[in-house]
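Novice: Would you be able to build a 3D model of this:
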Amino acid sequence: MTHVVIVEARFYEDIAEEMAKGCIAVLEKAGATWQRIPVPGCFEIPAAISFVLHGLAGQPDLPNVDGFVALGCVIRGETTHYDVVCNETARGIQHLAVTHEAAVGFGILTVENDEQAWARAKIGGKRDAGGAAARACLRMIELKRQFRLG
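Specialist: Residues are numbered from 1 along each chain as shown. Next up, the predicted model:
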């Protein structure tokens, strides 16, 4: 059975919850099991994924983790903090995916305002970012299995 860890930034609680609902709906429809790990913000997501990856190493009694879904939202403010968080979060997640052969669905919204965030987060909306990230994760797990990497 496929098991996915959802690492979710809770800085924008309502948006995070909506994205998690979309993600979970897709995972459950696919028959995957899942667990949620909340972190304060997007910047903390790569570290949390790394903690899980390193914690699993050499631990046969821990559940097998097949992939990760990274969920969060960064809304532009008045400073360059937005750029740092967006760039470093994406870089960190991509680094983990490549160096650890981790199947990751990237569901980090990078938007200008609340309206854009909700347009992308809403279940049933044209974007449903949480559901899209779960589908990406499941596809990467499939691809990884195809090449017998995990």
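
Novice: State whether Met109 is indeed within a strand.
Specialist: Careful, residue 109 is Leu; it's not Met. Yes: according to DSSP: H, G, I helix; E, B strand; the rest coil, Leu109 belongs to a strand.

Novice: quick one, what contacts it?
Specialist: Contact analysis of Leu109 by C-beta atoms under 8 Å, 6 or more residues apart in numbering lists 15, 19, 72-74, 116-117, 120-121, 129. For every residue, glycine as well, the C-beta is placed using N, CA and C.

Novice: which element is the closest residue to it other than its chain neighbours on?
Specialist: Excluding the flanking residues, the one nearest Leu109 by C-beta to C-beta, 6 or more residues apart in numbering is Cys73, at 4.3 Å. If you go by DSSP states H and E, Cys73 is part of strand 67-75.

Novice: Can you pull out the residues in contact with the one helix or strand Ala117 maps to?
Specialist: If you go by DSSP H and E, Ala117 is part of helix 114-121. Contacts to helix 114-121, defined as C-beta under 8 Å, 6+ apart, come from residues 12, 15, 18-19, 22, 73, 75, 109, 111, 125-130.

Novice: Just the buried subset of these, please.
Specialist: The neighbour-count test (16 or more other C-beta atoms under 10 Å) marks 12, 15, 18-19, 22, 73, 75, 109, 111, 127-130 as buried among the contacts of helix 114-121.

Novice: Name the helix or strand of this protein that has the lowest mean pLDDT.
Specialist: Within the chain, confidence by mean pLDDT, DSSP states H and E is lowest for helix 45-56 among all helices and strands, at a mean of 91.

Novice: packing partners for that helix?
Specialist: strand 3-9, strand 33-39, strand 67-75, helix 81-99 (3 or more C-beta pairs under 8 Å, 6 or more residues apart in numbering; DSSP states H and E).

Novice: Please work out which of the ones you listed is packed deepest.
Specialist: strand 67-75 (a mean of 27; mean count of other C-beta atoms under 10 Å).

Novice: still on that earlier bit, surely the residue nearest to Leu109 touches Phe11?
Specialist: Yes: with contact defined as C-beta atoms under 8 Å, Cys73 and Phe11 form a contacting pair (7.2 Å).

Novice: Common neighbours of these two, please.
Specialist: Joint contacts of Cys73 and Phe11 (C-beta under 8 Å, 6+ apart) are Cys42.

Novice: Please report how far Lys122 lies from Glu78.
Specialist: According to C-beta to C-beta, to the nearest Å, Lys122 stands 26 Å off from Glu78.
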